[in-house]
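Enquirer: sequence plus predicted model, see below.
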Amino acid sequence: MSRFSRLTIGLLVCVASIACGPAVAADEPSREECEVAVKQARELAAALPADNLSRYFAERDLHQAMIEAGNGEFDDCLELAKRAVEETRERRHELAPGERLKVLRADE
């Protein structure tokens with residue numbers, strides 16, 4: 001391949017990356033989208049009784065979602081918020097009558 005061909009290809013790649021760069025970045029989730037998703041999921045979880053096991057797990061997912069958002073991982077934040085919504089809607093975790101969830105403290 002001639003020097004001119006390589007230079008032309010390199011220039012085309014550069015122009016394409018500049019032209020396509022903002023379009024790719026626009027598809028990335030933003031902090032605002034993450035915060036809205038977490039807020040909506042938190043409202044769903046809050047509608048469940050405080051001792052509901054599905055609420056407990058949804059709140060853990062939402063806590064982790066905010067950690068991911070703080071790290072700039074907004075796609076992971078949205079995924080965890082979605083998981084929390086599914087947890088509250090499907091209620092995959094239920095306690096049998098008389099059964100209690102024992103949550104250990106950090107010092108136990």
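Expert: Structure received.
Enquirer: quick one: contacts for M66?
Expert: 38, 77 (Cβ atoms under 8 Å, 6 or more residues apart in numbering). Where you see a C-beta, it was placed from the backbone N, CA and C, and this is true even at glycine.
Enquirer: that one is in what secondary structure piece?
Expert: Applying DSSP states H and E as the criterion places M66 in helix 53-70.
Enquirer: repeat for L44
Expert: Going by DSSP H and E, L44 is part of helix 31-46.
Enquirer: quick check: closest non-adjacent residue to R92.
Expert: S54 (6.4 Å; Cβ to Cβ, 6 or more residues apart in numbering).
Enquirer: count of neighbours near that neighbour?
Expert: 21 (other Cβ atoms under 10 Å).
Enquirer: picking up where we left off before, packing partners for the helix holding L44?
Expert: When contacts are defined as 3 or more Cβ pairs under 8 Å, 6 or more residues apart in numbering; DSSP states H and E, helix 31-46 sits against helix 53-70, helix 74-90.
Enquirer: how about those helices in TSV, adding mean pLDDT and distance to K39?
Expert: Output for those, formatted as TSV (pLDDT from 0 to 100; distance: least, Cβ to Cβ, whole Å):
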stretch	mean pLDDT	distance to K39
helix 53-70	94	9
helix 74-90	94	9
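Enquirer: dump the ones you listed to JSON lines, plus distance to E35.
Expert: Converted to JSON lines, the helices and strands packed on helix 31-46 look like this (distance: least, Cβ to Cβ, whole Å):
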{"stretch": "helix 53-70", "distance to E35": "7"}
{"stretch": "helix 74-90", "distance to E35": "9"}
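Enquirer: show me the one of these that comes nearest P97.
Expert: helix 53-70 (13.0 Å; Cβ to Cβ).
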